[in-house]
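>>> here is the input, now give the coordinates:
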Amino acid sequence: MSRTIRNVMTIAGKELRSYFGSPVAWVLMGLFAILFGYFYNVYLNFFVSPMQQQFGPPPTKNVNSEMIRPLLQNASVLILFLLPMITMRTYSEEKRSGTIELLLTSPVTDVQIILGKFVGAIGLYAGLLAVTFLYVILLFGFGSPEWKPILSGYLGLFLLGASFVSIGLFISSTTKNQMVAGAASFVVLLMFWIINWFADSSGPTTAAILNYLSVTQHFDDFGKGVIDTKHLVFYASFIAFGLFLTLKSVDSERWRG
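Got it, this is the predicted structure:
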């Protein structure tokens, strides 16, 4: 077990070094911080602006529901666009450069390779989320937001991103072109994003299935501070399915090689 973990972490470390050894990680972190900061400023100005009303005292505002929750929802949209840029090179770059053969013939298993690349991509994604902590911490200096909904919201963002990474890994393993991998990942993830839009025009059984497959339907409760086991099971299953598809794709690559 310790050897397996060591191999996984070695591959993950190699992935992280390749990310931060190129402009990719720094550009993504900077872009995410700027866009998150823009939405933060918009919602903060809206929250602190006085509400116009004719009679009675001004209504009480809740920073969690009126600022943090919509802010994290906008962050999830940013993730939809940015994560394909992280995963598009994981396997496609190995295929393009020809190092995939060396990786597949090294004394590590396919599972260890996949988990290593997954952990490496998740590490970069966690770095993106960590950049936003400063914005949220500032709120505690000027107010008293509830910290539990904030933690559950970030947990939802993490699980959502991990699900996207697992699908991105699979798509990257099917092509040697990074741009194709990135575009295809975005299209597939967008499909899971909007799939519940078709529920209203479907029958009750189909609508229930479409709503269950929607990644946004499961994310909403996290922003409210609700951690439901059915959402945890969904994201865990989504991640496992994505990694399983990647395993099968890598296994077929090994046989073709």
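
>>> would you map the helices across the stretch 51-200 of the chain?
Read by DSSP state H, counting those that start in this stretch, the stretch 51-200 of the chain holds these helices, from start to end of the chain: 63, 69-87, 92-97, 100-104, 110-131, 133-142, 147-172, 178-194.

>>> need those helices in TSV with mean pLDDT and distance to S201, can you?
For the C-beta atoms, the positions are set from N, CA and C on the backbone; glycine is no exception. As requested, those are arranged in TSV below (pLDDT from 0 to 100; distance: least, CB to CB, whole Å):
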stretch	mean pLDDT	distance to S201
helix 63	76	37
helix 69-87	91	23
helix 92-97	73	36
helix 100-104	66	43
helix 110-131	91	34
helix 133-142	81	38
helix 147-172	92	26
helix 178-194	91	13
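
>>> save those as a markdown table, and put in mean neighbour count and distance to S18 too.
Converted to a markdown table, these look like this (neighbours: other CB atoms under 10 Å; distance: least, CB to CB, whole Å):
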| stretch | mean neighbour count | distance to S18 |
| --- | --- | --- |
| helix 63 | 21 | 39 |
| helix 69-87 | 20 | 11 |
| helix 92-97 | 17 | 8 |
| helix 100-104 | 16 | 12 |
| helix 110-131 | 20 | 8 |
| helix 133-142 | 12 | 25 |
| helix 147-172 | 22 | 13 |
| helix 178-194 | 17 | 13 |
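
>>> how about JSON lines for the ones you listed, with distance to F222 added?
Below are those laid out as JSON lines (distance: least, CB to CB, whole Å):
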{"stretch": "helix 63", "distance to F222": "17"}
{"stretch": "helix 69-87", "distance to F222": "8"}
{"stretch": "helix 92-97", "distance to F222": "31"}
{"stretch": "helix 100-104", "distance to F222": "35"}
{"stretch": "helix 110-131", "distance to F222": "13"}
{"stretch": "helix 133-142", "distance to F222": "15"}
{"stretch": "helix 147-172", "distance to F222": "3"}
{"stretch": "helix 178-194", "distance to F222": "16"}
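
>>> what about D200, how many residues nearby?
Residues contacting D200 under the criterion other CB atoms under 10 Å number 8.

>>> follow-up on the earlier one: quick one, which of the helices of the stretch 51-200 of the chain is nearest to T4?
helix 110-131 (6.1 Å; CB to CB).

>>> looking at the helices of the stretch 51-200 of the chain, which is closest to N7?
helix 110-131 (4.6 Å).

>>> show me what the closest one packs onto, helices and strands only.
helix 2-20, helix 23-48, helix 69-87, helix 100-104, helix 147-172, helix 229-256 (3 or more CB pairs under 8 Å, 6 or more residues apart in numbering; DSSP states H and E).

>>> fine, thanks again, bye for now.
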